[in-house]
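A.B. asks: structure here, sequence nowhere to be found:
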């Protein structure tokens, strides 16, 4: 005999690995100050990790691509010479981007160490 009442469907929140993430707070923050502190915390978590060559390559590709498009469209240069110059710029942008990101990462880490040292004293 078939069921006559309709069953309530539930959302599947689990992953294939079997873990189920809790939803957390879904309501609005209570105050503006709390909202600002949450935003700062999330921004800090976004750039928390050390620099990677992959991010430097992605940034370099984006910069060289924009450079290439500007050369061809805005400055009306030949495509072959523009591609060669774009490749040269890519070779410059990748290590430059990585070492610049590493410099700022080390500065953030040093500032955190100074904060912890000042807090402990």
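C.D. replies: Arrived safely, thanks for sending. Owing to the predicted nature of the structure, the values given are computational and were not obtained by experimental measurement.
A.B. asks: from now on I want contacts and neighbour counts done on CA atoms only, so please keep to that.
C.D. replies: Noted.
A.B. asks: what about the nearest residue to residue 101 once chain neighbours are set aside, which SS state?
C.D. replies: The shortest distance from residue 101 to any non-neighbouring residue, by Cα to Cα, 6 or more residues apart in numbering, is to residue 51 (6.0 Å). Under DSSP: H, G, I helix; E, B strand; the rest coil, residue 51 falls in the coil class.
A.B. asks: residue 77 too?
C.D. replies: Residue 77 is classified as coil under three-state DSSP.
A.B. asks: count the neighbours of the closest residue to it other than its chain neighbours for me.
C.D. replies: Closest residue in space to residue 77, ignoring its immediate chain neighbours: residue 71 at 5.9 Å, by Cα to Cα, 6+ apart. By other Cα atoms under 10 Å, 19 other residues sit near residue 71.
A.B. asks: now residue 81
C.D. replies: For residue 81, the count of nearby residues is 13 (other Cα under 10 Å).
A.B. asks: please apply the same query to the one 5 residues further on.
C.D. replies: The local packing of residue 86 (other Cα under 10 Å) involves 21 other residues.
A.B. asks: and if you look at the one 4 residues further on?
C.D. replies: Using other Cα under 10 Å, residue 90 is surrounded by 21 other residues.
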